[in-house]
Each structure stands twice: as C-alpha cells, then as structure tokens.
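J.: This is the structure alone, sequence omitted:
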C-alpha cells in the first residue's frame, strides 16, 4: 500500500454505555469495501459548502450526568521541544520507513482477522498527514464526542459543559453525549462547527436519538440516511489543532484537553475498551497523552458494524508529540480487533520515538479467545 503524505497547512464509543447500533446503525449504510490501493489524497483540502444552520433551542433545563467532575486543573504545559526540531529529526527516509510499518501492520491484521478493514492516520505538528487508507469514510461511533464537546464549549462555555464532561468523554455515556449536542445548539450546529471552525470536511453528524427522536440534522432522510461518519485523517487533524490551541479560547481548550487526558490509559481486562490506543505505550507516555475511543461491540452489533476507533495526541518523553488515529472494523474476532489497534499504536509510537527497546507484542497476540466476547456472532 503506498504511503499517503500530505502537508495541510492551516487545516487540522458508541455502544459504550448503551447499544450504539440503536443510535443510527440500523439505518446507516454499509461501508464500501476498500480497494487494495490507498485512497488518493487531494492536493487541496475540499471546502464544505457554506452552511449556517439555525441552532436548535436548548432544553429548558439540561439534564446533568450523575458522575461528579472535579474542577479543571491548569492546562497541560506547552512541550519544551520546538516543533521545528522534532520535524527536522523525522526528515530523510521517515515516510518510506513508516510506509513499511503500515504494510506490516496490514499483513498482521489480515492474518489475525481476514475480514477486517483498517485505517491509520499519523499527523505531525505541521499537519503533515501519513496514513493507510486515512481518508476512508467510517461510522464515527463515539470517537467524535470530543468534537461535540468543543462545539458545546464554544456555544455555552466551560461551566455549562463541565457537568457533562466526565459522563460524555470519560465514561462515554450516550445520553450525556446527546445533551452535549443540545448544549452546542443541536445537530446542525455541531456540523457547522465541525465544517467551518475545525474545517473537517469528511466528518458529519446525522442523528443521535438517545431519548430524543428529534435530535437529527435538518436534512435527515430516514429512507436514505448518510449516517454519522468520519475519517482517521479528520480525527487526527482535530487533535493536532486542539493540542495547538487553534480551536477554542484558552480556558475552553485547557478544559477539553484535561478531560481527554483523564480518559483511561490502559486496559484492566480483556473486555475493557476505552484505553486501547495507549495500553501498550510506556507508562510515562500513556499518562501524558490524551485520547478518546469509540466502538461498536459484539453485544450490540452484528459483525458488519463492529469496530474499534481510538485517536488522540501521543506525547513523547522529550515533550515532542504527534496525533494518531487507528481503526479496525468488520473483523470476525472482536478481541483480535482490539489487540491489533493496541499493537498498531505501539508499533507506530516506537517507530516515531525511535524506541528500539519497546516490546509491543504480547504472548497471546493473534490467538482468538471466544470466552472474551461469547456474544459475538449474535444480533444486536
């Protein structure tokens, strides 16, 4: 698979607590099977047509999540190492060697889960994009909840969003995610922020109807839905722009970064899902990195919808950083889907950080254990 690289200057779980297939998966179109050749990246970022929706009125009282959230700490300090120095260290054969890593990971995925579709995006601080099918459109699940939170922060401020942050972003509660959309002004307002502020043209929210059947886009067509969609490139570019402080005011940016830093950094059991991206990274790196996962798991979804997406900012020990988004979908074995995402994140980190001593493999890698997800193979 040819490496995709693009300099984009100036541009850049579901089923988690409730069965996410209920959100719109029953009406979401099936994804096209990607070809063996990486999707070409355009030389210019497509611009979303002008869109200024009328925000939906907020409910008279926004329900609060039951979880308690501590006051937001001070923002994460700006990394000491200059981005220019970090980028210079990645010159030379970096892109060609990284392409080899992508190819190796694709082969491993095919061996473990022959039906799986994968997508990877690595975005550097200057918004250079490298990837394996990074612009392939995917069901977004809860991986895009940080975008909803950002739109809500801009619309309503930190104190209005804070009561929902722990439930929506850390526990990935779908009801709280819906109330976050309401705070932002509704589905159309979230899309307006995504397209015109974050400038992510391949991400779209169509509906999130948990406890509210009317929480849909103004052009929602139930008979021909487009679904909630994103790409790994969009997710990684969002995290780059967030980490550089380009999307929100300083206090809003600090709050959102801290909430995403408070997410799980490891897996405590084989059925855990919310720390996949960071699970195999060195502890110091995992604790300083921020991320959000989104998934569609066997006890909610048939095989054609099951997936794991995890994306965030990976902070190296010297303070340099990059954004990473990894996805595996439609694999028959969901335990191996999650193993592969964790392995891919670790292998890519070790390559970028030049950490030759990091062991990313685990003894049980690639061995399906039917006891982890015994409900696999059943319907929602």
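T.: Structure received. Note that the structure is a prediction, hence the values are computed from the model and not measured.

J.: Now for residue 292, how many residues are close by?
T.: Around residue 292 there are 28 other residues, counting by other Cβ atoms under 10 Å. In this view, the C-beta of every residue, glycine as well, is placed from N, C-alpha and C.

J.: how about it, secondary structure?
T.: At residue 292 the chain is in strand, as set by DSSP: H, G, I helix; E, B strand; the rest coil.

J.: From residue 263, how far out is it?
T.: Note on residue 292: its distance to residue 263, by Cβ to Cβ, to the nearest Å, is 6 Å.

J.: what sits in contact with each of those two?
T.: With contacts taken as Cβ atoms under 8 Å, 6 or more residues apart in numbering, the residues that reach both residue 292 and residue 263 are residue 169.

J.: Not counting residues beside it along the chain, what's closest to residue 280?
T.: With Cβ to Cβ, 6 or more residues apart in numbering as the criterion, residue 280 has its nearest non-adjacent residue at 3.7 Å, and that residue is residue 346.

J.: Hmm, residue 278 and the one you found touching each other?
T.: No. Taking Cβ atoms under 8 Å as the contact criterion, residue 346 and residue 278 are not neighbours in contact, 9.2 Å apart.

J.: ranges for the helices of the stretch 201-350 of the chain?
T.: Counting by DSSP state H, counting those that start in this stretch, the segments of the stretch 201-350 of the chain that form helices are 232-243, 250-261, 283-288, 334-353.

J.: rewinding a little: any idea of the pLDDT on the residue nearest to residue 280?
T.: Here, the pLDDT recorded for residue 346 equals 98.

J.: roughly how far apart are it and residue 101?
T.: From residue 346 over to residue 101 the distance is 11 Å, taken as Cβ to Cβ.

J.: Those two: which has the busier surroundings?
T.: Of the pair residue 346 and residue 101, residue 346 is the one with more neighbours under other Cβ under 10 Å, namely 23 against 20.

J.: OK, contacts around residue 238?
T.: Listed by Cβ under 8 Å, 6+ apart, the contact partners of residue 238 are 12, 146-147, 198, 200, 247, 311.

J.: which stretches of the stretch 51-200 of the chain have low pLDDT?
T.: Low-confidence segments of the stretch 51-200 of the chain, defined by pLDDT under 70, span residues 51-84, 89, 91.

J.: pLDDT below threshold where in the stretch 201-350 of the chain?
T.: Ranges of the stretch 201-350 of the chain meeting pLDDT under 70: none found.

J.: give me that answer again for 80
T.: Within the stretch 201-350 of the chain, the set of residues satisfying pLDDT under 80 comprises 224-226, 301-303.
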